[in-house]
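# next one to model:
(one chain, ligands or ions: 1)
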Amino acid sequence: MNKISQTLCVALGCFLLSGGPALAQQKSLVNTTASSHAKLSGVDMNAVTWTQGFWADRFKVAQETMVPNIWNIYNDPKVSHAFRNFEIAAGMAEGEHKGPSFHDGDFYKVLESLAATYAVTKDPKLDQEMDRAIAVIAKVQQDDGYIYTPAIIQKKKNQGTGSAFQDKVNFEAYNLGHLMTAACVHYRATGKTSLLNVAKKATDFLYNYYKTASPELSRNAICPSHYMGTVEMYRTTQDPKYLELAQNLVNIHGTTDDGTDDNQDRIPLRKQTKAMGHAVRASYLYAGVADVYAETGDKSLMSVLDLMWDDVVYRKMYITGGLGSLYDGTSPDGTSYNPKDVQKIHQAFGRDYQLPNHTAHNETCANIGNVLWNYRMLKLTGDAKYADVMELALHNSVLSGISLKGTEFLYTNPLAQSDDLPFKQRWSKDRVGYIALSNCCPPNVVRTVAEVHNYAYSTSDKGIWFNLYGGNKLATKLKDGSDVKLTQETNYPWDGNIKVTLDQVPRKKKEFSMFLRIPGWADGAKLLVNGKPHNAKLTPGEYAEVSARWAKGDKIELVLPMEAKLIESNPLVEETRNQVAVKRGPVVYCIESVDMPKGQSIFNVTLPADIRFTPKLIKIENSDVMSLEGNAKLIKNQDWDKQLYREIAKDNQTVPVKLVPYYAWGNRGHAEMSVWMPLSR
Ligand SMILES: [Zn+2]
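Take a look at the predicted model:
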């Protein structure tokens, strides 16, 4: 062991084994416990149990339906060839590789969803299924650690060399990144090192590869899940060469001549000032860079992250937290006469304020990438603005990617759907059971729903941070190792009353803080401690710190006002001029054709600025959903055939409307839908 790793080991408090540093014992999803530049740590993967309400309902569907369904799909070669590819590469089945080049990575994500669920449920069946699959994956891996089923199958058939990164638009590194993440999650959930050992060999392979490959070959591979993966491997194994690899990946990003804006590597990362290109790749990149910052404190990275965040959140993000407004486009658009400077981009950010609704791409993976990135930014800073975005995306554009039943998926998440639009886009606007061409989103959304409880709390030297609200029980430790248990009772986000009861406090009574997030939208929050109003500052968009020598049975009550509000967009967003969206708490609403009287179009509904909504709990697909009822205005139905412009029609007819949360749209059969509605005339 070299001097640096010895020093690191002392700093991390680990002890030496003959084979190298010990594996980290802390078991949080993104383990920043020993990260010197992260303000917050996560709680262990089994520390939070949803007990009631919104996320308990989603987790139950994940446990009972989403996870078993996605597992069955990925193990059934008639539907998905992902696992069969591993079996063929392992010499256990005959056949050809089938499916996209990121199929291995999809399977690792499915495996991660099982591991994340197992961390909470300890269902032995999940453990057995994972063991069975991991044994096959391990068999596929080459001696040098390389693992990529298309190349290994080709080599077996003497059709290729089996060497790495021959095609730079393949997803080999992306696959490896998901292997690393899944392996860390599997290790933390089960204590087993079977998948971690495969991931270690694969990370070693990548480390050695980047040491020796030419700059062109070592050009950063697309969709960099391996930035997050490599740092997480460093956190798990405490092997400093993995951090060196992650730093190297960041340093060479954008330094070769053949980079593209689509891939965020036309210019060196540290020189970038605008978010551009493919939105999944961008958000994964920024999340990975945030991970590197957590370990190194490299300020040049934080300044890029700040620029990207401002650009995305103030100019490029949808009201639903969705990212990536364009199916296809060009970059830069119109800033140069040199055709060489204009590059094609796809599934990408548009220009500032270019946020179309019908044709919005908003890939589910990009919206998840937004969560991954903002969660990491939150950990670095403890700044609630990141939790606001994370909550927004989770409750809207992430959940819209999966049906309430948990078995159908959307690849894109538009904010409007009209059957009159006279063209079809590439991806279905009805959820489907399997997205054959691009199945990256379904396993991603399933693992995300199975992991939401990991985002709910953080800890710091000062105490416990409440990031997301929902009925749950928490059993964790303060930084000094003392146990704390608490119960959170709430029907959030349908209701803003949150009650926290301390069930266990440190035996040696000591002062510590509860940091309660006051969401950016929550004007007029109230806080009671043991029934008495508390004087903590309750500023929307900040954490309120409540410090005390807590005793068992102490109660905190937070009341967040949950009125439905009309929201307008910056006037530079052309597509939504003079329109409003309805938001209640973190939940964005939409209007659906199934709730309209026969013959009336949702696109004729206008909303008076003083509309009052009454919340009404309804069931859709057996799930509680808060609908909003109110009286809107209706434009007299007129035919737009062969008309592009006309004199305005009156909207003086009153019509009762029912709005449902955006994430729940399309769950009652095929429907037209819109988030934005014009203000009444
Ligand atoms: Zn996707």
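# and the residue of the stretch 201-350 of the chain at minimum distance from the ion, which helix or strand is it part of?
Closest contact between the stretch 201-350 of the chain and the ion, by CB to the ion, is at residue 280 (6.1 Å). Using the backbone N, CA and C atoms, a C-beta is placed for each residue, glycine as well. Assigned by DSSP states H and E, residue 280 belongs to helix 279-296.
# run a quick neighbour tally on residue 617.
Other residues lying near residue 617 total 11 when counted by other CB atoms under 10 Å.
# which residues touch the helix or strand containing it?
Element membership for residue 617, per DSSP H and E: strand 614-620. Strand 614-620 is touched from outside by 404, 494, 562, 564, 584, 624-630, 658, 660, 664, 667-668, with contacts defined as CB atoms under 8 Å, 6 or more residues apart in numbering.
# what ranges in the stretch 1-150 of the chain fall below the confidence cut-off?
Residue ranges of the stretch 1-150 of the chain with pLDDT under 70: 1-20.
# low-confidence ranges in the stretch 151-300 of the chain?
Using pLDDT under 70, the stretch 151-300 of the chain drops low at 168-169, 215, 217-218, 220.
# that one: helices as residue ranges?
172-190, 194-212, 225-237, 240-252, 279-296, 299-315 (DSSP state H, counting those that start in this stretch).
# what about the helices in the stretch 351-500 of the chain?
Under the criterion DSSP H, counting those that start in this stretch, the stretch 351-500 of the chain carries helices at the ranges 364-381, 384-393, 441-451, 453-456.
# with distance to residue 480, mean pLDDT and mean neighbour count added, can I get those helices in JSON lines?
As requested, the helices of the stretch 351-500 of the chain are arranged in JSON lines below (distance: least, CB to CB, whole Å; pLDDT from 0 to 100; neighbours: other CB atoms under 10 Å):
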{"stretch": "helix 364-381", "distance to residue 480": "20", "mean pLDDT": "98", "mean neighbour count": "27"}
{"stretch": "helix 384-393", "distance to residue 480": "25", "mean pLDDT": "98", "mean neighbour count": "24"}
{"stretch": "helix 441-451", "distance to residue 480": "27", "mean pLDDT": "98", "mean neighbour count": "28"}
{"stretch": "helix 453-456", "distance to residue 480": "22", "mean pLDDT": "98", "mean neighbour count": "24"}
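# state the pLDDT value of the residue lying closest to residue 505 once chain neighbours are set aside.
Spatially, and ignoring its direct neighbours in sequence, residue 505 is nearest to residue 550 (4.9 Å; CB to CB, 6 or more residues apart in numbering). For residue 550, the pLDDT comes out at 97.
# quick one: contacts of stretch 630-646?
Applying CB under 8 Å, 6+ apart, the contact partners of stretch 630-646 are 420, 599-601, 604-608, 611-614, 649-657, 659, 677, 680-681.
# let's see that with 10 Å instead.
420, 564, 582, 591, 596-597, 599-601, 603-608, 611-614, 648-659, 677-681 (CB atoms under 10 Å, 6 or more residues apart in numbering).
# can I get the buried part of those as one ChimeraX selection?
To isolate the buried ones among these in ChimeraX, judged by 16 or more other CB atoms under 10 Å, type:
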select :564,582,591,596,600,601,603,604,605,606,607,608,611,613,651,655,657,658,659,677,678,679,680
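# the ion contacts on this structure?
363, 365, 440, 441 (CB under 5 Å from the ion).
# how about a cut-off of 8 Å?
280, 363, 364, 365, 366, 368, 411, 438, 439, 440, 441, 444 (CB under 8 Å from the ion).
# enumerate every residue touching the fourth one.
For residue 365, the contact set (CB under 10 Å, 6+ apart) comprises 109, 223, 225, 278-281, 283-284, 323-324, 347, 372, 398, 401, 411, 438, 440-445, 448.
# swap in 6 Å and give it another go.
280, 440, 441, 444 (CB atoms under 6 Å, 6 or more residues apart in numbering).
# any idea how far the last one lies from residue 66?
What it means is residue 444. 12 Å (CB to CB, to the nearest Å).
# how about the first one?
In this structure, residue 280 lies at 20 Å from residue 66, with CB to CB as the measure.
# name the residues of the strand holding residue 617 that are buried.
Applying 16+ other CB under 10 Å to strand 614-620 flags residue 620 as buried.
# give me the mean pLDDT for it.
Per-residue scores along strand 614-620 average to 98.
# may I have that strand as PDB, with CA atoms only?
C-alpha atoms of strand 614-620 as PDB (Å, rounded to 0.1, in the frame of the first residue of the first chain):
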ATOM      1  CA  THR A 614     -61.700  22.000  -4.000                       C
ATOM      2  CA  PRO A 615     -59.400  19.000  -3.300                       C
ATOM      3  CA  LYS A 616     -61.100  15.600  -3.500                       C
ATOM      4  CA  LEU A 617     -59.400  12.300  -2.800                       C
ATOM      5  CA  ILE A 618     -60.200   9.800  -5.600                       C
ATOM      6  CA  LYS A 619     -58.900   6.400  -6.600                       C
ATOM      7  CA  ILE A 620     -57.200   5.700  -9.900                       C
END
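# now the helix or strand that that strand is followed by: buried residues?
Going down the chain from strand 614-620, the next helix or strand is strand 623-634, by DSSP H and E. The neighbour-count check on strand 623-634 (16+ other CB under 10 Å) flags 623, 625, 626, 627, 628, 630, 632, 633, 634 as buried.
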